[in-house]
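Trainee: Take this sequence and fold it.
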Amino acid sequence: MGATGNVGGEASFNAVSRRLEAVGQEHVLRFSDGLSEERRQALLEYLAALDLEGLPRLVEEYVKKKPRFELPADVRPAPYYRLDTSSPEGKWDRAGARARGAELLRAGKVAAFTVAGGQGSRLGYEGPKGCYPAGAVSKKPLFEIFAEGLLAAKEKFTGKAPPPWYIMTSPLNHAATVAFFEERRFFGLPREGVVFFPQGVMPTLDIRTGKMLMASKWEVATNPDGHGGAFKALWTSGSIADMKRRGVEHLSYFQVDNPLVRVVDPVFIGLHAGAGGQSSGEMSSKMIPKAYPDEKLGLFCGVDGRVVVIEYSDLPREMQHQRLENGTLRFLSGSIAVHMLGVEFVERVSTERALELPYHRAEKKVACVDPGTGEMVNPSEDNAVKLERFVFDALPLCARSAVLETDRAEEFAPIKSATGVDSVESCREIQTERAARWLRAVGVSVPVQADGKPDCVLEVSPRTALEAEDLKGRNLPRVIEKGAAIAL
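Mentor: The predicted structure is shown next:
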């Protein structure tokens with residue numbers, strides 16, 4: 001048995017070695033003779049699973065060259081469904097979309113999908129970002145807030161089980177994420193309704209040569225393949241097959257850092273699945289109006305009749321500052337990374353080579369092993385190229401794609417840093433602002449500061465209300481005291 005294993009190991013080594021030599025990457029096995037059998041085999045298994053034959057093309061296109069974005073000649077603002085439907089130009093059947101979405105939820109055709117591969121290190125938190133205590137008052141973790149949204153959707157829309165929840169982790173935080181859910185007993189969700197899978201990784205490449213960097217003598221340096229890698233990961237993990245088994249046809253996609261997101265929104269679902277001429281049910285998006293011209297949000301634009309997202313850094317500043325006659329920004333629609341995805345569309349993008357998403361290049365400092373000496377190197381300047389894919393690059397692959405306007409204070413309070421813009425502080429303020437708005441709508445008095453902001457800290461759980469009207473008939477305080485901190 002042992003001899004057979006050795007022979008198999010040598011055959012595996014020789015096969016991988018030949019593939020590496022063919023693409024000029026044989027250096028990654030330079031120290032393999034000195035490794036334990038376990039580490040040697042793990043390295044071989046990782047290398048055997050890589051698309052080594054595709055590496056030369058990536059090196060040529062993304063390392064030896066720096067792909068430059070070329071602004072299309074006919075770029076224009078993308079059309080969108082307005083939040084205010086009272087004006088003639090903004091009219092559309094919001095009630096009809098809501099009814100369609102609610103029916104799809106009742107029929108079990110919709111699942112939630114969270115991209116949750118990040119760590120909380122930028123927040124001073126050690127652990128998966130989804131475990132970060134984000135509740136303005138309760139300090140509930142992000143995952144718990146989303147779970148409450150799904151439980152509330154069961155009560156309000158499905159009447160049966162909550163919508164299934166697919167969570168894409170990363171190799172770095174997968175085990176910790178699963179353990180967190182187990183410790184918290186899945187926050188009251190049925191265990192069989194929550195599916196975890198890690199996203200893929202890409203080898204990190206030397207910025208000069210395109211050679212794979214080594215994190216150690218037995219491990220290739222890697223980086224997550226970006227949120228655009230979600231398409232492939234959904235397929236390879238078996239999640240798409242699982243969705244089909246459950247009868248799920250549409251995914252509500254959102255990132256893990258936004259506690260105000262509506263995990264399943266019937267209006268958005270119905271618009272995506274049944275907007276006729278303006279949606280093919282493949283991929284739809286939510287937008288918020290940019291607060292100011294230079295706000296760092298990607299912009300929904302129209303190019304050759306298709307919706308695309310152009311990153312803020314790629315749209316010329318003079319275009320970002322263009323205004324219409326009424327004074328509003330011409331390029332107004334900012335992306336908040338909230339989408340609806342058709343399961344069939346995800347499957348096509350995952351499996352059809354012609355629909356493969358492009359990579360984006362990032363230059364980074366990465367500690368690595370010197371391939372000559374085996375010593376660790378901590379570079380003082382960028383030495384590596386990381387390649388990742390972006391989910392919004394799938395938009396132009398849709399026949400027709402709908403964009404829905406939403407209210408920033410209602411649905412967008414991302415936590416990306418400890419202080420400043422899109423921070424723990426700003427998120428707490430926006431949670432309070434939304435809760436105050438909802439409470440005032442049902443007659444509760446909320447104290448204000450001189451600048452008009454609430455003079456208190458408030459939080460409304462999704463289990464209490466998914467929208468302002470859900471607070472009607474609730475047992476609420478009639479007056480919020482100045483300086484109070486209240487979670488409802």
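
Trainee: Strands of the stretch 151-300 of the chain, start to end?
Mentor: Here the stretch 151-300 of the chain has its strands, by DSSP state E, counting those that start in this stretch, at 165-169, 194-198, 201-203, 205-206, 214-216, 219-220, 222-224, 250-255, 283-289, 299-303.

Trainee: where do the helices sit along the stretch 101-250 of the chain?
Mentor: In the stretch 101-250 of the chain, the helices defined using DSSP state H, counting those that start in this stretch lie at 142-153, 174-183, 230-236, 239-246.

Trainee: Pipe these into JSON lines and attach mean pLDDT per row.
Mentor: Putting the helices of the stretch 101-250 of the chain into JSON lines (pLDDT from 0 to 100) gives the following:
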{"stretch": "helix 142-153", "mean pLDDT": "98"}
{"stretch": "helix 174-183", "mean pLDDT": "97"}
{"stretch": "helix 230-236", "mean pLDDT": "95"}
{"stretch": "helix 239-246", "mean pLDDT": "98"}
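
Trainee: nearest to Leu20, of those helices?
Mentor: Among the helices of the stretch 101-250 of the chain, the nearest to Leu20 by CB to CB is helix 230-236 (22.7 Å). The C-beta positions use only the backbone N, C-alpha and C, and glycine is treated the same way.

Trainee: can you list contacts of the closest one?
Mentor: Helix 230-236 is contacted from outside by 113, 115, 166, 168, 197-200, 225, 239-240, 253, 346-347, 349-351, 357, 391, 394, using CB atoms under 8 Å, 6 or more residues apart in numbering.

Trainee: export the helices of the stretch 101-250 of the chain to JSON lines and tack on mean neighbour count and distance to Val442?
Mentor: Conversion of the helices of the stretch 101-250 of the chain to JSON lines gives the following (neighbours: other CB atoms under 10 Å; distance: least, CB to CB, whole Å):
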{"stretch": "helix 142-153", "mean neighbour count": "23", "distance to Val442": "17"}
{"stretch": "helix 174-183", "mean neighbour count": "16", "distance to Val442": "34"}
{"stretch": "helix 230-236", "mean neighbour count": "22", "distance to Val442": "38"}
{"stretch": "helix 239-246", "mean neighbour count": "17", "distance to Val442": "37"}
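
Trainee: list the contacts for Ala362?
Mentor: With CB under 8 Å, 6+ apart as the criterion, the residues that contact Ala362 are 385-388.

Trainee: Which positions in the strand or helix carrying it come out as buried?
Mentor: When secondary structure is defined by DSSP states H and E, Ala362 falls within strand 360-364. Of the residues in strand 360-364, those with enough neighbours to count as buried (16 or more other CB atoms under 10 Å) are 360-361.

Trainee: Show me the beta-bridge partners of the closest residue to Ser216 other than its chain neighbours.
Mentor: Excluding its sequence neighbours, the residue lying closest to Ser216 (CB to CB, 6 or more residues apart in numbering) is Val369, at 6.2 Å. On the basis of DSSP bridges, Val369 is bridged to Met376.

Trainee: Please report the distance of Val369 from Met214.
Mentor: The span separating Val369 from Met214 equals 4 Å under the rule CB to CB, to the nearest Å.

Trainee: Burial check on the residue lying closest to Asp294 once chain neighbours are set aside, number of neighbours?
Mentor: Once flanking residues are discounted, Asp294 sits nearest to Gln320: 6.6 Å by CB to CB, 6+ apart. Counted with other CB atoms under 10 Å, the burial measure for Gln320 works out to 17 neighbours.

Trainee: and Gln320, what does it touch?
Mentor: With contacts taken as CB under 8 Å, 6+ apart, Gln320 has the following neighbours: 293-294, 299, 312, 329, 331.

Trainee: out of those, who has the most neighbours?
Mentor: Using other CB under 10 Å as the neighbour test, the contacts of Gln320 are led by Leu299, with 25 neighbours.

Trainee: Tell me the confidence at it?
Mentor: Looking at Leu299, its pLDDT is 97.

Trainee: my read: it touches Ile310, true?
Mentor: Yes - using CB atoms under 8 Å, Leu299 and Ile310 qualify as a contacting pair, with a distance of 5.3 Å.

Trainee: overlap in contacts of those two?
Mentor: What both Leu299 and Ile310 touch, as defined by CB under 8 Å, 6+ apart, is an empty set.

Trainee: So the closest residue to Leu35 other than its chain neighbours versus Pro198, what's the distance?
Mentor: The shortest distance from Leu35 to any residue that is not its chain neighbour, by CB to CB, 6+ apart, is 5.1 Å, and that residue is Trp218. The span separating Trp218 from Pro198 equals 20 Å under the rule CB to CB.

Trainee: Can you name the residues that contact the residue nearest to Ser216?
Mentor: By CB under 8 Å, 6+ apart, the residues touching Val369 are 31, 213-217, 375-377.

Trainee: Which ChimeraX command selects the buried ones in those residues?
Mentor: Typed into ChimeraX, the line below selects the buried ones among the contacts of Val369, using 16+ other CB under 10 Å:
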select :31,213,214,216,217
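
Trainee: so where is the stretch 1-150 of the chain shaky, pLDDT-wise?
Mentor: For the stretch 1-150 of the chain, residues meeting the criterion pLDDT under 70 lie at 1-11.

Trainee: hmm, try it at 90
Mentor: Applying pLDDT under 90 to the predicted model, the residue ranges of the stretch 1-150 of the chain that meet it are 1-13, 49-51, 66-69, 73, 85-90, 121-122.

Trainee: Could you tell me whether Leu83 really is in a helix?
Mentor: No - under DSSP: H, G, I helix; E, B strand; the rest coil, Leu83 sits outside any helix and is assigned coil.

Trainee: What does it show for phi and psi?
Mentor: phi -70, psi -40 (degrees, to the nearest 10).

Trainee: Check the contact between it and Thr406; I expect there is one.
Mentor: Yes - judged on CB under 8 Å, Leu83 makes contact with Thr406 at a distance of 6.4 Å.

Trainee: These two: which has the busier surroundings?
Mentor: Neighbours of Leu83 and Thr406, each counted by other CB under 10 Å, are more numerous for Thr406; the result is 20 against 15.

Trainee: Now do the contacts for the residue nearest to the more buried one when sequence neighbours are not counted.
Mentor: Across the structure, with CB to CB, 6+ apart as the measure, the residue nearest Thr406 apart from its sequence neighbours is Lys286 (5.1 Å). Shown in contact with Lys286 (CB under 8 Å, 6+ apart): 268, 336, 338-339, 403-406, 411.

Trainee: Can you give me the neighbour number for Lys65?
Mentor: Using other CB under 10 Å, Lys65 has 10 neighbouring residues.

Trainee: no, scratch that, I was asking about Arg40
Mentor: Neighbourhood size, Arg40 [other CB under 10 Å]: 19.

Trainee: and if you look at Asn383?
Mentor: Neighbours of Asn383 under the rule other CB under 10 Å: 20.

Trainee: Show the contacting residues for the residue nearest to it when sequence neighbours are not counted.
Mentor: The spatial neighbour of Asn383 that comes closest, neighbours along the chain excluded (CB to CB, 6+ apart), is Ile207 at 5.5 Å. Counting by CB under 8 Å, 6+ apart, Ile207 makes contact with 63, 363, 382-385.

Trainee: Keep only those of these that are in strands.
Mentor: Using DSSP state E to define strands, the subset of the contacts of Ile207 located there is 363, 384-385.

Trainee: and the host helix or strand of Glu425, average pLDDT?
Mentor: With elements delineated by DSSP H and E, Glu425 resides in helix 424-441, which encompasses its position. Predicted confidence along helix 424-441 averages 97 (mean pLDDT).
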